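Engineer: The amino acid sequence is not available; the structure is as follows:
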């Protein structure tokens with residue numbers, strides 16, 4: 001059985017959604033949206049991305065366990081929040 005997306009109004013009277021497993025465990029809670037249409041559009045983006053999304057480990061290794069060779073590219077993990085297109089996310 002698949003999980004569900006639940007739309008709800010938060011304490012700021014803004015629309016949010018949560019992704020819930022069949023056993024009731026909440027996997028994720030969205031940011032705030034201006035209306036239900038914007039939240040529903042974001043759910044569609046999550047559905048598309050989640051099925052094909054790669055896993056990226058941004059946790060830094062403990063000192064002495066891994067040393068990158070000088071020829072490997074070093075990239076800093078992305079920080080901050082990515083806006084979901086022009087969907088009205090706050």
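Structural biologist: Received it, and whenever you're ready, just let me know what you need. No experiment lies behind these values; they were computed from the predicted model shown.

Engineer: switch to C-alpha atoms for all contacts and neighbour counts from now on
Structural biologist: Fine.

Engineer: Now name the helix or strand holding residue 45.
Structural biologist: Residue 45 belongs to helix 36-52 when assigned by DSSP states H and E.

Engineer: counting contacts, what elements does that helix pack onto?
Structural biologist: Helices and strands touching helix 36-52, as assessed by 3 or more Cα pairs under 8 Å, 6 or more residues apart in numbering; DSSP states H and E, comprise strand 4-9, strand 15-20.

Engineer: okay if I get those strands as CSV plus distance to residue 43 and mean neighbour count?
Structural biologist: Shown next, in CSV, are the helices and strands packed on helix 36-52 (distance: least, Cα to Cα, whole Å; neighbours: other Cα atoms under 10 Å):
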stretch, distance to residue 43, mean neighbour count
strand 4-9, 8, 14
strand 15-20, 8, 20
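
Engineer: Format those as a markdown table; extra columns: distance to residue 33.
Structural biologist: Output for the helices and strands packed on helix 36-52, formatted as a markdown table (distance: least, Cα to Cα, whole Å):
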| stretch | distance to residue 33 |
| --- | --- |
| strand 4-9 | 10 |
| strand 15-20 | 5 |
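
Engineer: Out of those strands, the one nearest residue 56 is which?
Structural biologist: strand 15-20 (20.4 Å; Cα to Cα).

Engineer: quick one, the closest one and helix 36-52 angle?
Structural biologist: Strand 15-20 runs at 30 degrees relative to helix 36-52, counting by axes from the mean of the first three to the mean of the last three Cα atoms, to 10 degrees.

Engineer: What lies in contact with the helix or strand just after strand 15-20?
Structural biologist: Note on strand 15-20: by DSSP H and E, the next helix or strand toward the C-terminus is strand 26-29. For strand 26-29, the external contacting residues (Cα atoms under 8 Å, 6 or more residues apart in numbering) are 16, 17, 18, 19, 20, 21.

Engineer: swap the cut-off to 10 Å and go again
Structural biologist: Residues from elsewhere that reach strand 26-29 (Cα atoms under 10 Å, 6 or more residues apart in numbering): 3, 4, 5, 6, 7, 16, 17, 18, 19, 20, 21.
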